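Colleague: Build me a model:
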Amino acid sequence: MIVREHFELGETAVTIVADAEHIKYAQRAIFEARRDLQSFIVSDPFFQLTFEPYRAPDDAPAIVKEMCRAATTAGVGPMAAVAGTFAQHAVRAMKEKGARHAIVDNGGDIALLTEEETAVGIYAGQSVFRGLAYLVPATHGIYGICTSSGTVGPSISLGRADAATVFATDVALADACATALGNLVVDEDEDTLGDAVERIGSLPGVDGCVVMIGEHMAMRGKVPEMMRCTDPRYKVSERLF
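Modeller: Below you'll find the predicted structure:
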């Protein structure tokens, strides 16, 4: 039976949607990822502070290497990919145990494994785009939908976007690129928005991207259909509406 469970560990707060028997594997994966990341940060605190790409040493934990690889492509610091990387590890762990439907939402950075269409809500504060959702086709494999915001939530953004969203099969990459996209949106000018989605949407591994600010929206690449979705039965997580 598919259940929804909220799980918190330190600064990590995720919503997990999966068969009840698989939830524990996602929780264990998050615990292990946090343990490895925290151990590495103790050895090199600069990793947690830099806004620039970071070269992972050969003996770094897998979680660190994954974050660094994604951040290097996006041109941001490795912590920009942390939430998406944790979500990806959690869904991957459930998939390895036989899960066919699994979703982990880590503060708006979402990893999905689905065999049917799924509505993923757009959370853009009080903007005109409130109440919309992306109708995501069956993913079959793990897929990432990650969002950065300069107006909503605690995450660091150097821009003013209400929502900067990136779609990619690599969830860590989607997270890092969402941060990079949000950083580029410093005003509502059409040229600014167009340049931002062109730059991020053309990065290798990015399927598509969308940026929303005020009453303006720009997109590039492969973006799921948008739909009006206010029915709570279609929430992917409590965080999204």
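
Colleague: how many other residues sit next to residue 215?
Modeller: Residue 215 is flanked by 9 other residues according to other C-beta atoms under 10 Å. Every residue, glycine included, has its C-beta placed from N, CA and C.

Colleague: Quick one: the helices in this structure, in order.
Modeller: All helices of the chain, identified by DSSP state H, fall at 23-43, 46-49, 62-74, 82-96, 171-184, 190-201.

Colleague: Now do the last one against helix 62-74: the angle between them, please.
Modeller: In other words, helix 190-201. Going by axes from the mean of the first three to the mean of the last three C-alpha atoms, to 10 degrees, helix 190-201 is angled at 140 degrees with respect to helix 62-74.

Colleague: Could you report the neighbour count for the closest residue to residue 99 other than its chain neighbours?
Modeller: Leaving out its chain neighbours, the residue that sits closest to residue 99 by C-beta to C-beta, 6 or more residues apart in numbering is residue 22, at 4.5 Å. Each residue near residue 22 was counted by other C-beta under 10 Å, and the total is 24.

Colleague: related to what we said a few turns ago, quick one, which of the helices of the chain is nearest to residue 226?
Modeller: helix 190-201 (15.2 Å; C-beta to C-beta).

Colleague: The closest one: which residues count as buried?
Modeller: Within helix 190-201, the residues that count as buried by 16 or more other C-beta atoms under 10 Å are 192, 193, 196, 197, 199, 200, 201.

Colleague: now do stretch 30-46
Modeller: Buried residues in stretch 30-46, defined by neighbour count with 16+ other C-beta under 10 Å: 30, 33, 34, 36, 37, 40.

Colleague: In terms of distance to residue 185, which of these ranks first?
Modeller: Looking across the buried residues of stretch 30-46 and measuring by C-beta to C-beta, the closest to residue 185 is residue 37, at 28.1 Å.

Colleague: Go ahead and confirm that closest one touches residue 66.
Modeller: No - counting by C-beta atoms under 8 Å, residue 37 does not reach residue 66; the two are 10.3 Å apart.

Colleague: from memory residue 174 sits against residue 147, does it?
Modeller: No - using C-beta under 8 Å, residue 174 is not in contact with residue 147, being 9.1 Å away.

Colleague: what residues do these two have in common as contacts?
Modeller: 109, 166 (C-beta atoms under 8 Å, 6 or more residues apart in numbering).

Colleague: quick one: low-confidence ranges for the protein?
Modeller: For the chain, applying pLDDT under 70 flags the ranges 124-127, 150-157, 230-241.

Colleague: out of the helices of the chain, which comes closest to residue 222?
Modeller: Residue 222 lies closest, by C-beta to C-beta, to one member of these: helix 190-201, at 9.2 Å.

Colleague: follow-up on the earlier one: for the residue nearest to residue 99, list the residues it contacts.
Modeller: Contacts of residue 22 by C-beta under 8 Å, 6+ apart are 94, 97, 98, 99, 102.
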